[in-house]
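**Q** Sequence and computational prediction follow.
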Amino acid sequence: MADVQTLNMVAAGVDPASDRLSGPRGARPRRTLSRRNIFIYGTLILVAVYYLIPLYVMIVTSLKGMPEIRLGNIFAPPVEITFEPWVKAWATACTGLNCDGLSRGFWNSVQITVPSVIFSIGVASINGYALANWRFKGADTFFTILIVGAFIPYQVMIYPIVILLREIGLYGTLWGLVIVHSIFGMPILTLLFRNYFSSVPEELFKAARVDGAGFWRIYFVIMLPMALPIFVVAIIIQITGIWNDFLFGVIYTKPDTYPMTVQLNNIVNSVQGVKEYNVNMAATILTGLVPLIVYFVSGKLFVRGIAAGAVKG
Amino acid sequence: MSTSETIARRPSQLFRNLSAKIASLPMILTALVVFLGSTAWTIVYSFTNSKLLPRLKFVGLDQYERLWAQSRWLTSIENLLVYGVLSLVFSFIIGFILAALLDQKIRFEGVFRTIFLYPFALSFVVTGLTWQWILNPDFGVQRIVRAIGWTSFTFNPLYDQRIVIYGILIAGLWQGTGLIMCLMLAGLRGIDEDIWKAARVDGIPTWKTYVFIVIPMMRPVFITTLVIVASGIVRLYDLVVAQTSGGPGGASEVPAKYVYDYMFLAQNLGQGFAASTMMLLSVAIIVVPWAYLEFGGKKRG
């Protein structure tokens, strides 16, 4: 009996607990297919299908041969599945004179993303910690500038940064780009860590001070281990943000060190040669794969990162 | 300069929290040198006639006059306005409706939310290339509709100068609406359950409760989301580069692309600086009133 009841409620899309709170108690007729439910689920499913179509089209196209693409319909599933476009996109697709595929861009992006994530989060977590626990005169002013800076269009700052990087000999190198990512990740990450460390009970900090622990000791022994969840959120924000970056990659690296997004754009939008749409779509999926995996694995934490990181815009 | 006498009595103000200050150096440098310094530098050099290299030879407002006389710049501004207004209107309406539907205590909320938000995890380059393919007139939507019988059907935004910006809008909405849905959902969840009960007791229809009670209560959420999304729209660049490269015939140019092209391709730095300063100005128009309302009032009060 109970099972039937639960099933009915599941079918009606009603959460048992909340239903008890919001409606009159006792049995009442349940209409599984009430007009309200048809409207809600119908709309949501339609929109969900619309949102999934591009992903579906990308996958389907990447598994077809070119003759099939020319004859068929982009929504049709492949008649004959081939993985050749994937291999070609990864290993032999051409950009300009180089014909070693997206793999080079992938490894460049890895080499850019890993140090950028570590460096930017390291710096920002210490900033946030200093702002929350070791307020010095003027700290708030710098923080305000930082947050306002998050809204300044990058275009206003890119050229002076080119000059600065050239002065220190890092223009066009991976490390130059790592610095740029750390700079532009700083506002949101500092905000994230400052808010988190501000919520840590002050007694904890004071007790450590009384015991004679200094700035770094408190950071590494007390604050860092406690802040692990927020570090995960920061890592998610940074991996997706840096992997997806195009503008900084195009400006601050050279063709040999282009990140994956830039190389992808060059492969797909190159004017020479016959367009191989299946290879293009395989390359597009490959580039989107890293952030997609991060997104699907991280689930709720990604959403939390967005809520916290909405400032990034 | 602190004399030895003052140090003996009390540590100088400068050396208090020394570790914290040293640790904050990256932040201080970023704030002062990059955010303040670079912005000021660009603004100053936008009044010079720098070409290949930045030179401090001031020419007053010449660069701005030239900028606003360029038809390419006017097209860019017009595109940004059309894209910006429409994308704000549609993404807010769709995002809010989706959030409201998800807030009806439905089953599979997590699944739906995951589906609506996944495009946001993808880069603009991936988004642009995907929609370039779907909107391809020879293979995509247009061909499909013609194949099922409607042979005169024409939907060819990426190769039609008049409607190309709407092709970009379609891709932009697909990528960005999930974010708004997410922020709106957070806002809806912040509304007290009692409000809904009271509205139900008074017999107010659901849609009326939303329009006249819930939405006005969510004003701060709307404003914050608006500022964030609008200042992001001004930067619109990757999507256009990937989807149309500014074409056909420069019909989908945007200000950020103008800046990049003049700074790094046309070797006309002065124009790039002037255009980027205009971008800064447009963001300031959005952000300053908001910051004033949000933070200015509290300080005085």
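**A** That came through fine.
**Q** From now on I want contacts and neighbour counts done on CA atoms only, so please keep to that.
**A** Fine.
**Q** Where is the longest helix in the chain?
**A** No chain specified, so I'll use chain A. Longest helix in chain A by number of residues (criterion: DSSP state H): helix A:103-133.
**Q** actually chain B
**A** Secondary structure of chain B per DSSP H: the longest helix is helix B:71-102.
**Q** ok, then the element right after that one?
**A** Later in the chain than helix B:71-102, the nearest helix or strand by DSSP states H and E is helix B:109-121.
**Q** pLDDT (mean, whole number) over the following helix or strand past that next one?
**A** Heading C-terminal from helix B:109-121, the first helix or strand you meet, by DSSP H and E, is helix B:124-134. Here helix B:124-134 scores 94 as its mean pLDDT.
**Q** Look up which helix or strand the most centrally placed residue in chain A falls in, please.
**A** Central residue of chain A (Cα atoms, centre = their mean): A:Thr240, 2.5 Å from the mean position. Under the criterion of DSSP H and E, A:Thr240 resides in helix A:228-244.
**Q** how about residue 247, phi and psi?
**A** This is for chain A. Per-residue torsions, A:Leu247: phi -60, psi -50 (degrees, to the nearest 10).
**Q** which ones are touching it?
**A** B:Tyr237, B:Asp238 (Cα atoms under 8 Å, 6 or more residues apart in numbering or on different chains).
**Q** what's the answer for the one 3 residues further on, then?
**A** For A:Val250, the set of contacting residues under the criterion of Cα under 8 Å, 6+ apart consists of A:Tyr258, A:Val262.
**Q** just to revisit the earlier point, quick one: the residue nearest to the centre of chain A from chain B, how far?
**A** Distance, A:Thr240 to chain B, by Cα to the nearest Cα, to the nearest Å: 7 Å.
**Q** Quick check, that residue in contact with A:Ile293.
**A** No: contact criterion Cα atoms under 8 Å: A:Thr240 and A:Ile293 do not qualify, at 9.9 Å.
**Q** Kindly report the residues of the stretch 101-250 of chain A close to chain B.
**A** A:123-124, A:126-127, A:130, A:134, A:136, A:142-143, A:145-146, A:149, A:151-157, A:159-161, A:183, A:186, A:215-216, A:240, A:244-247 (Cα under 8 Å from any Cα of the partner chain).
**Q** Now that we have those residues, which of them are buried?
**A** Buried members of those, counted by 16 or more other Cα atoms under 10 Å in any protein chain shown: A:123-124, A:126-127, A:130, A:134, A:136, A:142-143, A:145-146, A:149, A:151-157, A:159-161, A:183, A:186, A:215, A:240, A:244-247.
**Q** so where's the stretch 1-150 of chain A uncertain?
**A** By pLDDT under 70, the low-scoring segments of the stretch 1-150 of chain A are A:1-32.
**Q** could you point out where chain B is predicted with low confidence?
**A** Looking at chain B by pLDDT under 70, you get B:1-16, B:295-301.
**Q** Just give me the residue right at the centre of it.
**A** B:Gly232 (1.3 Å).
**Q** Render the CA-only coordinates of whichever strand or helix holds A:Thr284 in PDB, please.
**A** Applying DSSP H and E as the criterion places A:Thr284 in helix A:277-298. Taking C-alpha atoms only, helix A:277-298 is exported to PDB below (Å, rounded to 0.1, in the frame of the first residue of the first chain):
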ATOM      1  CA  TYR A 277      32.800  19.300 -40.800                       C
ATOM      2  CA  ASN A 278      33.100  15.900 -39.000                       C
ATOM      3  CA  VAL A 279      36.700  16.700 -38.000                       C
ATOM      4  CA  ASN A 280      35.700  20.200 -37.000                       C
ATOM      5  CA  MET A 281      33.000  18.900 -34.700                       C
ATOM      6  CA  ALA A 282      35.300  16.200 -33.200                       C
ATOM      7  CA  ALA A 283      37.800  19.000 -32.500                       C
ATOM      8  CA  THR A 284      35.100  21.100 -30.900                       C
ATOM      9  CA  ILE A 285      33.900  18.300 -28.600                       C
ATOM     10  CA  LEU A 286      37.500  17.600 -27.700                       C
ATOM     11  CA  THR A 287      38.100  21.200 -26.600                       C
ATOM     12  CA  GLY A 288      34.800  21.300 -24.700                       C
ATOM     13  CA  LEU A 289      35.500  17.900 -23.000                       C
ATOM     14  CA  VAL A 290      37.700  19.100 -20.100                       C
ATOM     15  CA  PRO A 291      35.200  21.800 -18.800                       C
ATOM     16  CA  LEU A 292      32.300  19.400 -19.400                       C
ATOM     17  CA  ILE A 293      33.900  16.700 -17.400                       C
ATOM     18  CA  VAL A 294      34.700  19.100 -14.600                       C
ATOM     19  CA  TYR A 295      31.100  20.300 -14.800                       C
ATOM     20  CA  PHE A 296      29.400  16.900 -14.700                       C
ATOM     21  CA  VAL A 297      31.700  15.600 -11.900                       C
ATOM     22  CA  SER A 298      31.600  18.600  -9.700                       C
END
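**Q** elements contacting that helix?
**A** Using 3 or more Cα pairs under 8 Å, 6 or more residues apart in numbering or on different chains; DSSP states H and E, the elements in contact with helix A:277-298 are helix A:35-62, helix A:66-71, helix A:84-91, helix A:228-244, helix A:260-268, helix B:109-121, helix B:124-134.
**Q** now what about it, what contacts it?
**A** A:58-59, A:61-66, A:69, A:85-86, A:88-90, A:93, A:102, A:106, A:236, A:239-240, A:243-244, A:260-261, A:264, A:267-268, A:302, B:114, B:118, B:121-123, B:126, B:129-130, B:133.
**Q** check contacts around B:Gly95.
**A** B:Gly95 sits next to B:Thr177, B:Gly178, B:Leu179, B:Ile180, B:Met181, B:Cys182, B:Met184 when contact means Cα under 8 Å, 6+ apart.
**Q** try A:Phe106
**A** A:Pro259, A:Met260, A:Thr287.
**Q** now do A:Gly105
**A** A:Gly105 neighbours (Cα under 8 Å, 6+ apart): A:Thr257, A:Tyr258, A:Pro259, A:Met260, A:Thr261, A:Gln263, A:Leu264.
**Q** Return the entry from these with the maximum number of neighbours.
**A** A:Pro259 (32 neighbours; other Cα atoms under 10 Å in any protein chain shown).
**Q** Quick check: phi and psi at it.
**A** Torsion angles, degrees, to the nearest 10, at A:Pro259: phi -70, psi 170.
**Q** how far away is it from A:Arg304?
**A** 27 Å (Cα to Cα, to the nearest Å).
**Q** With A:Leu224 instead?
**A** 19 Å.
**Q** again with B:Asn49
**A** For B:Asn49, the distance to A:Arg304 - Cα to Cα - is 47 Å.
**Q** Can you report how many residues lie near residue 228?
**A** By default, I'm working from chain A. Count around A:Leu228 with other Cα under 10 Å applied: 11.
**Q** sorry, should have said chain B
**A** 18.
**Q** for A:Leu46, same thing?
**A** Per other Cα under 10 Å, the neighbour tally for A:Leu46 reads 11.
**Q** tell me the contacts of it?
**A** Counting by Cα under 8 Å, 6+ apart, A:Leu46 has no contacts.
**Q** ok and the residue in the stretch 151-300 of chain A nearest chain B?
**A** Here the stretch 151-300 of chain A gets closest to chain B at one residue, A:Asn244, 4.6 Å apart by Cα to the nearest Cα.
**Q** Isn't that residue up against B:Ser123?
**A** Yes: checked against Cα under 8 Å, the pair A:Asn244 and B:Ser123 is within contact range at 4.6 Å.
**Q** where does the stretch 201-313 of chain A have low pLDDT?
**A** A:308-313.
**Q** about what we covered before: I'd like to know which of the helices and strands packed on helix A:277-298 is closest to B:Tyr83.
**A** Minimum separation from B:Tyr83 across the helices and strands packed on helix A:277-298 (Cα to Cα) falls at helix B:124-134, 14.6 Å.
**Q** For the stretch 51-200 of chain B, which residues are neighbours of chain A?
**A** So the stretch 51-200 of chain B meets chain A at B:98, B:101, B:105-107, B:112, B:114-116, B:118-119, B:121-126, B:129-131, B:133-134, B:139-140, B:143-144, B:174, B:179, B:182-183, B:197 (Cα under 8 Å from any Cα).
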